[in-house]
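[1] here is my input, please return the structure:
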Amino acid sequence: MDTVLEVENLSKKFSTSWALKDVSFSLYRGEILGIVGPNGAGKTTLINCLLGLILPTSGTIKYFGLSFSRYRSQVLEKVNFASNYVGLPLSLTLEENLLVYAHLYHLKNTKEKISELLKLFGLWEKRKQRTRTLSSGQMMRLCLAKALLNDPQILLLDEPTAGLDPEIARETRDLLLKLSHEQNTSIIITSHNLAEIERISDRLLILQKGQIKALGTTEELLKKFEAQSLEELYFRLNL
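    This is a model prediction of the structure:
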């Protein structure tokens, strides 16, 4: 399989505690890798390290065979992210926010792409409104629209469906599957929704206290740990 991301022995220490400890995994082209774990397991820290927002204490990250530390700008042209914990400038309109990021990615068909994404996420009628007027669910949808502006080869998503109503959450999951299957987009997604993760992920990575407790397909992990369901496996590993 074509590997697009390699993480080897990644560790991050804050003061006297380890947020991540010797985390190693690969991501393949067109794969959806679901990451689950309790609060404080290191999920968001891992995403932030993969984005270069946090410098790891040790370990290596390679995108497309390139060292992330050496080719950060080149790599990030092909990567994007959305997070339930990171918003967009509130004083700008929805359209203005997307325009700013479109310029950063040097998009050529800016107006067409922004219109397409605003309509896709049900935000077209609000395009001239200030972002501060959005609900938390609408803000997440705008962040997802931003994440797709540059047609990324890799998407990093930190709890992207948190706060979305059931219909929009389902449409978002369907969109991620379509991106994976039809455009070979590789996706890392964190979530507390085990049913969601099981439904869309090709493989699962379970984190606990900054360490990988399990990695593989749902079928492989249930067999390995003799569990009847992902929920049973999750609580067994995290108790």
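[2] contacting residues around the worst-scoring helix or strand of the chain on mean pLDDT?
    Sorting the helices and strands of the chain by mean pLDDT, DSSP states H and E puts helix 230-238 at the bottom, at a mean of 87. The contact list for helix 230-238, computed with C-beta atoms under 8 Å, 6 or more residues apart in numbering, reads 36-38, 41, 194, 197-198, 204, 206, 208, 213-214, 218, 221-222, 225, 227. Heads up, the C-betas are built off the backbone N, CA and C, glycines and all.
[3] swap in 7 Å and give it another go.
    36, 38, 194, 198, 206, 208, 213-214, 218, 221-222, 225, 227 (C-beta atoms under 7 Å, 6 or more residues apart in numbering).
[4] most widely separated two among those residues?
    Largest separation among these by C-beta to C-beta: 38 and 222, giving 19.6 Å.
[5] quick one: contacts for the residue nearest to the spatial centre of the chain?
    The centroid of the chain falls nearest to residue 157 when counting by C-alpha atoms, centre = their mean (1.7 Å). By C-beta under 7 Å, 6+ apart, residue 157 lies in contact with 81, 82, 187, 188, 189.
[6] again, but for residue 142
    Contacts for residue 142 were tallied using C-beta under 7 Å, 6+ apart; they are 88, 94, 97, 123, 131, 134.
[7] which stretches in this protein count as strands?
    Applying DSSP state E to the chain gives strands spanning 3-14, 17-28, 32-36, 58-63, 66-67, 79-83, 154-158, 186-190, 203-208, 211-216.
[8] figure out which of those is closest to residue 140.
    strand 79-83 (7.3 Å).
[9] can you list the domains in this protein?
    3-78+153-238, 91-151 (automatic domain parsing).
[10] end-to-end on the last one?
    Across domain 91-151, the terminal residues are separated by 26 Å (C-alpha to C-alpha, to the nearest Å).
[11] same check, this time on stretch 8-21
    11 Å.
[12] pLDDT weak spots in this structure?
    For the chain, the stretches with pLDDT under 70 are 239.
[13] run the last query once more with 80
    1, 163, 238-239 (pLDDT under 80).
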